[in-house]
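Colleague: Take a look and give me a structure for this.
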Amino acid sequence: MTSTQPRPPVAPLDEPAAAALWQDYLAAHPEHAWDTPTVEHFGDSAPLADELLDLVLHGPKRATATLLADFAAEGELPPRIGSHWVACDGAGRPRVVLRSVELRVGPVHSVDDAFAWDEGEDDRTRATWLEQHLTYWRRTCAARGVELDESVEVVFERLRVVWPPEHAD
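Modeller: Alright, predicted model coming up:
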C-alpha cells in the first residue's frame, strides 16, 4: 500500500472481547494476574493491522518497533519486559495475547540485522526494514502534525505469543 492510497482505519477495539481473551489466559496462567494488558493493533490501517497480525499468527514476526514518542502521544507508558498486550485485527477483534520478552531503546538507525529478521516483514533485511519503517513513521508523524526526526528513539521489542494455545510459542 503506497503512502498516497487511502488507508481504511482500524475498527474500534473490542475491549469486552479483549478482556474475555485475557481472562481465558489468566485462567490457564494465574501467575500473570499482576499484569494489566494493553489492547492494541499493529500499524495505522485495517489492512496493515491484518497483514502484520497474520505474520504473528503464522510464524515469522516475533518483534515490533514503536517510536518512543508514540507512547507519549497516546498517553501510554512503554512496555516493560514481562508485560502483556492483546493484539487485535483490523476489525478490532482480539486475536492473541503477546508478552514482551526483550526491550531496547535506541535510535532508529541502531536496528541490527537480527532484529529486522525477527520482525519478519518484507525480505527481513535491515535495509528494507529501515526503508519501510522510516516511510511508515514519516506518515504517522505527519498525521500527528510533526516531522520525523531520524534521531528519534525507538522501542525495539521482542515478543512471544502466549495465548491462545494453538498460536502460542
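
Colleague: switch to C-alpha atoms for all contacts and neighbour counts from now on
Modeller: OK.

Colleague: which one's the longest helix in this protein?
Modeller: Scanning the chain for the longest helix, with DSSP state H as the assignment, gives helix 126-143.

Colleague: Mind pulling up the pLDDT for the most centrally placed residue in the chain?
Modeller: Residue closest to the mean C-alpha point of the chain, counted by Cα atoms, centre = their mean, is residue 42 at 4.5 Å. You'll see residue 42 listed with a pLDDT of 97.

Colleague: residues touching the closest residue to it other than its chain neighbours, list them.
Modeller: In this structure, residue 42 finds its nearest non-sequential neighbour in residue 49, 4.7 Å apart by Cα to Cα, 6 or more residues apart in numbering. Going by Cα atoms under 8 Å, 6 or more residues apart in numbering, residue 49 touches 10, 41-43, 88-90.

Colleague: Quick check: buried residues in the least confident helix or strand in the chain by mean pLDDT?
Modeller: Least confident helix or strand, the chain: helix 68-74 with a mean of 92, by mean pLDDT, DSSP states H and E. For helix 68-74, burial by neighbour count (16 or more other Cα atoms under 10 Å) applies to 68-70.

Colleague: Can you say which helix or strand has residue 90 in it?
Modeller: Using DSSP states H and E, residue 90 maps to neither a helix nor a strand.

Colleague: In contact with it: list those residues for me.
Modeller: Residue 90 neighbours (Cα under 8 Å, 6+ apart): 9-11, 41, 45-50.

Colleague: Residue 41 too?
Modeller: 49, 87-90, 92.

Colleague: For it, give its distance to residue 72.
Modeller: Residue 41 is 17 Å from residue 72, where distance means Cα to Cα, to the nearest Å.
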